[in-house]
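**Student:** give me the fold of what follows.
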Amino acid sequence: MTIHVLRGSPQKNRSSNLLADRFICGARESGHNITETDTAHAHIHPCTGCKVCGFCGQPCSIQDEMQKIKEKILAADMLALVTPLYYFGMSAQLKVCLDRCCAIGRQLTEKSMKSAMIVSAWNDDPWTMDAIESHYLALCRYLNFENIGTVLGKGCGTIEMTTKTIFPQMAYELGKRL
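**Tutor:** Next up is the predicted model:
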């Protein structure tokens, strides 16, 4: 299976990328192909809502890296969303990329891809992940994605904090069991 990982952290050496690396390690050990996009450092502009794409795969009026990213997503069997938690949602960088996927929404829905979400958060209150988990499940429902699993890393504000939790192992196991 080909898995495309969308990384959303503007900080390269932080907790969400540690969790992404562990997920990728497990998935590779199980024989899966991995492609990646670092959405935080890619040249991606926000969707303007111009509807030139017709929401059905027509070329976007914005000329940036999204065309190549959309091709990688459509070539994959699974999409893994990785993000730090920012104000109880995904990073703006990941959200901009997902918003621009509206142009391929029909293809994604028809493809019935698998998906997973990996999140790191400083906060460890019981309700910390409620909003992002709800958003992710709504995306899965809307795009006809099969949710393979989530790693909701509470109390993962720094690499040091994260390595002392169960979440790196959970991310590894999620990738390994695919």
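
**Student:** find the residue at the geometric middle of this structure.
**Tutor:** The centroid of the chain falls nearest to Leu81 when counting by Cα atoms, centre = their mean (1.2 Å).

**Student:** identify the residue nearest it in space, chain neighbours excluded?
**Tutor:** Among residues not flanking Leu81 along the chain, Met117 sits closest, at 4.7 Å (Cβ to Cβ, 6 or more residues apart in numbering). (C-beta placed from N, C-alpha, C; glycine too.)

**Student:** now swap in Trp122 and tell me
**Tutor:** Nearest residue to Trp122, sequence neighbours excluded (Cβ to Cβ, 6+ apart): Gly157, at 3.3 Å.

**Student:** next: Gly8.
**Tutor:** Ranked by Cβ to Cβ, 6+ apart and with sequence neighbours excluded, the top spatial neighbour of Gly8 is Leu94, at 2.9 Å.

**Student:** how close does the one you found sit to Cys25?
**Tutor:** Distance, Leu94 to Cys25, using Cβ to Cβ, to the nearest Å: 21 Å.

**Student:** pull out the buried residues from the lowest-mean-pLDDT helix or strand in the chain.
**Tutor:** None of the helices or strands of the chain scores lower by mean pLDDT, DSSP states H and E than helix 105-111, at a mean of 92. Buried residues in helix 105-111, defined by neighbour count with 16 or more other Cβ atoms under 10 Å: Gln107, Leu108, Lys111.
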